[in-house]
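Novice: return a 3D structure for these sequence lines:
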Amino acid sequence: MRTLCSSTLIGEFFVIGFAALVAMKDPDLSTSTVWLVSGIAMFLCVALCGVITRPGGVALGWALQIALIASGVFVPTMYFMGAIFAGLWWASVHYGRKIDEAKARFAAQSEASSAPDAA
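Specialist: Have a look, this model is predicted:
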């Protein structure tokens, strides 16, 4: 799960950075505010890569997805991009857990088959 979720988060890191460049063009938003908010979101993307397997990591990822969709208020394209990344996040969590379970089953089978018979 960690690899898939981290890949999604790194993709979001870049999308947030590009969205910040678009948001800077809005005369109602100050450049410093745009980069402060975007910088925090980009930092969270990278930080979440390290804590995704800990309790609450996936929930924090969902909160980030919601914030990404909500940023569509300032950059309308982010409604679409946020929805795409929310779908990718769901798939990363869902299929990542299935892969982790399969790896655990394979490791248990491999360990059981390589253990010497205690006769």
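
Novice: next, the buried residues of stretch 63-82.
Specialist: Applying a neighbour-count criterion of 16 or more other CB atoms under 10 Å, one finds 64, 65, 67, 68, 69, 71, 72, 74, 75, 78, 81, 82 buried in stretch 63-82. The C-beta positions use only the backbone N, C-alpha and C, and glycine is treated the same way.

Novice: then stretch 8-21?
Specialist: Under the neighbour-count criterion of 16+ other CB under 10 Å, stretch 8-21 has 8, 9, 12, 13, 15, 16, 19, 20 buried.

Novice: likewise stretch 88-97?
Specialist: The neighbour-count check on stretch 88-97 (16+ other CB under 10 Å) flags 88, 89, 92, 93, 96 as buried.

Novice: check the third one and give its pLDDT.
Specialist: Confidence at residue 92, expressed as pLDDT, is 95.

Novice: likewise for the last one?
Specialist: Reading off the per-residue confidence, residue 96 sits at a pLDDT of 91.

Novice: which helix or which strand is home to it?
Specialist: In this structure, residue 96 sits in helix 77-114 according to DSSP states H and E.

Novice: how far away from the center of its chain is that helix?
Specialist: For helix 77-114, the gap between its own C-alpha mean and the chain's C-alpha mean amounts to 12 Å (CA atoms, centre = their mean, to the nearest Å).

Novice: cool, thanks, talk later.
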